[in-house]
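**Student:** Starting from these lines, generate the structure:
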Amino acid sequence: MEALKNNENWGSDAWKCICRVRELCPLIQCITNYVSMDIMANTLLAAGASPAMIHALEEIPDFTPQVDGLCINIGTLTPQWITSMKTAAVKALESQKPWVLDPVAVGASKFRMDMCTELVRLNPTVIRGNASEILALAANSVAPSKGTDSSHISTDALEAAKDLACRTGAIVAVSGAVDLVTDGKRLLGVRNGVPLMQKITASGCAVTALIATLVAAHPSLPFEATAFALALFGMAGEIGMEKSNGPASLRMHLIDALHGLDEESVASRIKISWL
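**Tutor:** Residues are numbered from 1 along each chain as shown. Alright, predicted model coming up:
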């Protein structure tokens, strides 16, 4: 899959990307919060990847160099986990493996901001957050928040995302009703998904892990792979919503839909555009 142009067939390329994941079954290490471990692992299994929820510092020097991708999520942060996260990020860089950062509620406390800033200095391949998280991280700003909820829409964080991408060299993704993906110059909008997905605990964490998976399958195309991960997860939510009565059943049907995605569904449902 070559780099994409302005008028590419997004559905065809997204389908090739998920097929590559199913072919390779990439091993993805997730250092994440206790709330998200289950849905992240099940999302990766449904996509065709192999999840490993390993965070013990003693294991990281042996294990992390063997993985295909790394996902770091700061949701339930502790000093001990920060040491593991930083060590794993360094090992991923040394092994030339992509790693993805989810700066959960980064603006909620100075401790959280300081620790996340240290992680950003370790050159993540992708940073994915909601609009409030990206705004706070870009400005290094701590302010009262609603925990993991965003009080902004994605477009509020557009310029902050571009600035953060330019300063860090990372692809920056902002989740929202319209997901934004930028490398500081290029900008894509992804419109797949349903509002009820916001009522599923750790659905954002799960899509970050899926980003790590697709980037691991296409490490030379992190910009495109990030957009495809957001779109595929969103369309799985759309398909799942057709059978769901609420957030609990949507969670189940979303994972089933991700597992069962086929070429026709991807081609007909994908909603990616240049902005």
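
**Student:** can you give me the strands for the stretch 101-250 of the chain?
**Tutor:** With DSSP state E, counting those that start in this stretch as the definition, the stretch 101-250 of the chain shows strands at residue ranges 126-130, 171-175, 179-182, 187-190.

**Student:** so where's this structure shaky on pLDDT?
**Tutor:** Low-confidence regions of the chain, defined by pLDDT under 70, span residues 1-8, 144-151.

**Student:** could the strands of the stretch 101-250 of the chain be laid out in TSV, adding distance to Leu230 and mean neighbour count?
**Tutor:** The way it works is simple: take the backbone N, C-alpha and C, and place the C-beta from them, glycine included. Shown next, in TSV, are the strands of the stretch 101-250 of the chain (distance: least, CB to CB, whole Å; neighbours: other CB atoms under 10 Å):
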stretch	distance to Leu230	mean neighbour count
strand 126-130	8	29
strand 171-175	7	29
strand 179-182	5	26
strand 187-190	4	22
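
**Student:** Make JSON lines from the ones you listed and add distance to Leu221 to it.
**Tutor:** Output for the strands of the stretch 101-250 of the chain, formatted as JSON lines (distance: least, CB to CB, whole Å):
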{"stretch": "strand 126-130", "distance to Leu221": "12"}
{"stretch": "strand 171-175", "distance to Leu221": "10"}
{"stretch": "strand 179-182", "distance to Leu221": "12"}
{"stretch": "strand 187-190", "distance to Leu221": "12"}
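
**Student:** wait, which of those is closest to Leu77?
**Tutor:** In this view, the strands of the stretch 101-250 of the chain are compared for proximity to Leu77 by CB to CB, and strand 126-130 is the closest at 14.4 Å.

**Student:** and the closest one, what other elements does it pack with?
**Tutor:** strand 99-102, helix 131-139, strand 171-175, helix 203-217, helix 222-241 (3 or more CB pairs under 8 Å, 6 or more residues apart in numbering; DSSP states H and E).

**Student:** in its sheet, what does that strand sit against?
**Tutor:** Counting by DSSP bridges, the strands paired with strand 126-130 are strand 99-102 (parallel), strand 171-175 (parallel).

**Student:** how about these in TSV, adding distance to Ala41?
**Tutor:** Formatted as TSV, the entries for the strands paired with strand 126-130 read as follows, by distance: least, CB to CB, whole Å:
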stretch	distance to Ala41
strand 99-102	15
strand 171-175	20
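
**Student:** one step back: who wins for proximity to Lys110 among the helices and strands packed on strand 126-130?
**Tutor:** The closest of the helices and strands packed on strand 126-130 to Lys110 is helix 131-139. By CB to CB, the value is 11.4 Å.

**Student:** Now the most centrally placed residue in the chain: closest residue in space that isn't a chain neighbour?
**Tutor:** Residue closest to the average C-alpha location in the chain (CA atoms, centre = their mean): Thr208, at 1.9 Å. If you skip the residues right next to it in sequence, Thr208 has Asp102 as its closest partner in space, 4.2 Å away by CB to CB, 6 or more residues apart in numbering.

**Student:** Counting neighbours, what do you get for that neighbour?
**Tutor:** 32 (other CB atoms under 10 Å).

**Student:** and what of Phe233?
**Tutor:** Summarising burial for Phe233: neighbours were counted as other CB under 10 Å, giving 29.

**Student:** Contact partners for the spatially closest residue to it that is not a sequence neighbour?
**Tutor:** Beyond its immediate neighbours in the sequence, the residue positioned closest to Phe233 (CB to CB, 6+ apart) is Val207, lying 4.5 Å away. For Val207, the contacting residues are 43, 128, 175, 229-230, 233, taking CB atoms under 8 Å, 6 or more residues apart in numbering as the criterion.

**Student:** Could you measure from Val207 over to Met115?
**Tutor:** As judged by CB to CB, to the nearest Å, Val207 and Met115 stand 22 Å apart.

**Student:** what's the answer for Ala161, then?
**Tutor:** Here the distance between Ala161 and Met115 works out to 21 Å (CB to CB).

**Student:** which of those two has more neighbours?
**Tutor:** For Ala161 versus Met115, the count of surrounding residues by other CB under 10 Å is larger for Ala161: 29 against 20.
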